[in-house]
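Engineer: sequence plus predicted model, see below.
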Amino acid sequence: MRVDAWVDKKHGKKKRKIMGIGHAVYKTEDPRATWLRRYSRTMAEKKGEMKWFEMSQRIEQLMLEKKGMHPNVDFYSASTYYLMGIALDMYTPIFAVSRISGWTGHILEQYANNKLIRPRAEYVGQRGLTYVPINER
């Protein structure tokens, strides 16, 4: 499996993050990742495509050994979505939609207390962009 070399390259000189590994709050296993790991395995078994689950499992093992970091909910979501046949370009929208209620909760808490709770959540992207309808892109 080329997973070991890929993880080593990611954590070479530049020490890039591996998306879906680590969590700001959960320093042990993210309980949501426990469930997604099971779903990923089940989907892999049903589809007869174990390589995606096995690669994910190996990355998880290596990151735990090398960095003491556990997967978060998004890590096994990727292989599960893939095995479900969800298009790759839908992963980010699913990520965002799944968090809208949490983001809304934060906003409501901030308004109720007249206090900014998460000041580090600052937009750093491009500004002043013009919307281009999907059929014109």
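Structural biologist: Yep, that arrived. Residues are numbered from 1 along each chain as shown.

Engineer: which one's the longest helix in this protein?
Structural biologist: helix 91-113 (DSSP state H).

Engineer: packing partners for it?
Structural biologist: helix 73-84 (3 or more C-beta pairs under 8 Å, 6 or more residues apart in numbering; DSSP states H and E). Every C-beta, even on glycine, is put in place using the N, C-alpha and C of the backbone.

Engineer: tell me which residues in the helix it packs on are buried?
Structural biologist: V73, D74, F75, Y76, S77, A78, S79, T80, Y81, Y82, L83 (16 or more other C-beta atoms under 10 Å).

Engineer: go through those and name the one nearest H106.
Structural biologist: The nearest member of these to H106, counting by C-beta to C-beta, is V73 at 17.5 Å.

Engineer: leaving out the residues flanking it, which one is nearest to that closest one?
Structural biologist: What sits nearest to V73 in space, not counting adjacent residues and going by C-beta to C-beta, 6 or more residues apart in numbering, is R32, at 3.7 Å.
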